[in-house]
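*Asks:* Based on what follows, work out the 3D shape:
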Amino acid sequence: MILNKNILSYFLVLLFAFCCHVKSTAQVKFFVAPNGNDLNPGTKEAPLATLTGARDAVRAYKQKNELRTSIVIVVQDGNYEMKEPLILLPEDGGTQQFPIIYRAEEGSSPVFSGGKKIAGFTVNDEGIWEAKILECLYYNWRFDQLYVNGKRAILARTPNKGFLKIGGVKQNIWTRGTGRAPEKAEQVLSFDNINFSSLQNIANDEVDNVRFRAYHKWDFTLRFIDRLDRDSARVYTSGQGMKPWNPLFRGGRIVFENYAAALDEAGEWYQDKAGWLFYIPRPGETPENTEIIAPALENIISIDGDAASNQFVENIRFEGITFTHCHYQMPDSGSEPNQAAALINAAIMLEGAKNISFTDCEISRTGQHALWFGKGCSDSAVEHCYLNDLGGGGIYLGDFVPQQGNEHTQNIRLHNNIIQTGGQEFPSAVGVWIGHGSDNEVSHNDIGNFYYSGISVGWIWGYAESNAKRNQIKFNTIHHIGWALLSDMAAVYTLGKSEGTVISNNVVHHVHAYSYGGWGLYTDEGASDIVMENNLVYSTKTGGFHQHYGENNMIRNNIFAFAKLYQLQCTRVEEHRSFNFENNIVVFDEGVVLKGAWKTIDIQMDNNLYWNTTGDHYVFNGESFADWQKTGHDTHSLIADPLFKDVTNYNFKLKNKRHIKRIGFKPFDYASAGVYGDAKWIEKAKLPAAVTEAFDQEVEQNMQEKQ
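*Replies:* Numbers count the residues shown, from 1 in each chain. Below you'll find the predicted structure:
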């Protein structure tokens, strides 16, 4: 059969269009391999060596070709020692249709390290390993962290466990300044003979190497010392003046570190001024079977756009890549107290960035935070990533001050990530921090093993305008927070006016502060217009919920269980509705139900259920339940067994709904909180038994000391 000429022409046109489409949409690929060379063209047969080399290859391609396809940098398996950070500028981005993708080759797990391997160790007569590092001697290279066989080693410290106690604090103000805290001052720390005795062994020529970590309230001070007065048992240090609301104080806990005499326990290390590195091995470690890495780069990736000029870095993805060994170097001025460790940087820093995503990546062994979407970032995501062994916090969003227009940070999605074991260098760091940012989603993450708060939302103290609005904190598990180290903290901590913010369907457990605080959900100074609902909170120190002060918060349909001291707290009385507390279940076996300003604060509190699993002892701010009801609160509330299946083993599923129906409580599926996916991913989120057991021991010891 002979085809009609018109039909034949039609099919030829279709075929030509299809071939052009295939050609135009086929991905352009550049390959990176450990044995590559950045002078290569980047083919599979002749790969590049570095991410920076790949970036430059993409730049060269885009200069000669219109971007009509995605560009994929295929990263082959292996370990890569980075000599410089990957810096991405506006010209390095893609388009929404055709992004630039840095992707691990299928089946591979490439690792990019910002560290340097240290070799050449010998063993001295005392069994201590030592190595001369020429870069330290000739280029004054110093590092503040060290990793041995994948584990963070301990900078030589005194005492090895626990703390010394400060005997007294005197401040000499040098420059007053205009702020509440002096601009420049000297602090003199005095000690009794017992607490000072370990400092007597510090050599005179290394005094300026010695630094201390002093823990106070919700923060800590990290400083070098200026001098020692051995006769009077005093330590002199200088820097900013102490904040009057959070100073160093008599009886405060302190640790001294970074001097030779403190090197006395397995797993500790010390670097002297002459460039020698010393390390005491753990059992089973030999120079032959041990890998020692000192971090060198202070950033792994820097994505630098200019939102104010509408020059964004856009449409870049990172998939399946591990970034590790990023260094935080303590400046000569030390690190002054700052809430949530908000003044330190991150291993991966972004500003002026849009549509940037990290998927199936790992960030680990950092001296600082893992990742920070700073000023002018939007429409980005971190999903199914593993962030662990962090010197600071996990993921930080936004800026310190409200930004407008392009410079406002918004629409960042943090979903199905494991963010664990943070604050290793800066204990006041948090798992997720949202400063001035709006419309962000933090969902289905596992956040655990931090010393301060799990999630912190808002960065205004009081009722000044804030642009931390409409943030969604939902379906996360937040656990093993506090470790009895800092105070005034919570699993979820909020600040400032937060209209539209919802904290829902989270599971919070094992939260324990050093002294006061250690709450599950905490609306702190000015936290307003927040809804907290359908959360399960159990095993806290001073309450499942606490409000310092705020306006029009709604606390409803939550389960609060087994706080040790008080189940619920509130503090400041103000001339407006502070919060509504309705349809909640409160279960406990010790402590009191209410503590604080409950009699005078403006609240609506009703249709709640209370149950003491060990008896009939109910204390509502010093009163019986009947007397409490006479104040006009909880008039329709009940004392009744909620009929959970096995509440003593934290099984809060219901056997029967007859009691909870009477208060209007609506059951929710708390088992759906946390990470999801394959069994291996879910198992990865479980903290080792040794960690959870150590947490329980710290809690027990803290409770005994505070009795």
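*Asks:* mind listing what residue 470 touches?
*Replies:* 438, 439, 499, 500, 501 (Cβ atoms under 8 Å, 6 or more residues apart in numbering). C-beta coordinates here come from the backbone N, C-alpha and C atoms, glycine included.
*Asks:* Nearest spatial neighbour of it, chain-adjacent residues omitted?
*Replies:* Residue nearest to residue 470 in three dimensions, not counting chain neighbours: residue 500, with 3.5 Å by Cβ to Cβ, 6 or more residues apart in numbering.
*Asks:* what's near enough to touch that neighbour?
*Replies:* Contacts of residue 500 (Cβ under 8 Å, 6+ apart): 469, 470, 471, 529.
*Asks:* Show the buried residues in these.
*Replies:* For the contacts of residue 500, a burial check counting by 16 or more other Cβ atoms under 10 Å picks out 469, 470, 471.
*Asks:* got the phi/psi numbers for the second one?
*Replies:* When you say that, I think you mean residue 470. Dihedral pair for residue 470: phi 50, psi 30, per degrees, to the nearest 10.
*Asks:* re the thing from before, ok, which pair from the contacts of residue 470 is furthest apart?
*Replies:* Spatially, the most separated pair among these is 439 and 499, at 11.6 Å (Cβ to Cβ).
*Asks:* what is in contact with those two at once?
*Replies:* Joint contacts of residue 439 and residue 499 (Cβ under 8 Å, 6+ apart) are 469, 470.
*Asks:* Of the two, which one has the most company?
*Replies:* residue 439 (17 against 13; other Cβ atoms under 10 Å).
*Asks:* Wait, that one touches residue 468, no?
*Replies:* No: using Cβ atoms under 8 Å, residue 439 makes no contact with residue 468, being 10.1 Å away.
*Asks:* Pick the one among the contacts of residue 470 closest to residue 547.
*Replies:* residue 501 (14.4 Å).
*Asks:* So the closest one versus residue 413, what's the distance?
*Replies:* Per Cβ to Cβ, to the nearest Å, residue 501 is found 16 Å from residue 413.
*Asks:* Show me which of the two is the more surrounded one.
*Replies:* residue 501 (26 against 17).
*Asks:* Please export the C-alpha coordinates of the helix or strand where the more buried one lies as CSV.
*Replies:* Residue 501 is part of strand 497-504 when elements are defined by DSSP states H and E. Coordinates of each C-alpha in strand 497-504 appear next as CSV, following Å, rounded to 0.1, in the frame of the first residue of the first chain:
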residue,chain,number,x,y,z
LYS,A,497,3.9,36.5,68.1
SER,A,498,3.4,33.5,65.9
GLU,A,499,0.0,33.8,64.3
GLY,A,500,-0.9,30.6,62.4
THR,A,501,1.7,28.4,63.9
VAL,A,502,0.5,24.9,64.7
ILE,A,503,2.4,22.3,66.8
SER,A,504,0.5,19.1,66.4
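*Asks:* what's the first-to-last distance across stretch 500-516?
*Replies:* By Cα to Cα, to the nearest Å, the extent of stretch 500-516 from end to end equals 29 Å.
*Asks:* actually stretch 462-471, not the one I wrote
*Replies:* 18 Å.
*Asks:* and that stretch, average pLDDT?
*Replies:* Mean per-residue pLDDT for stretch 462-471: 96.
*Asks:* cool, stretch 320-331 as well?
*Replies:* 96.
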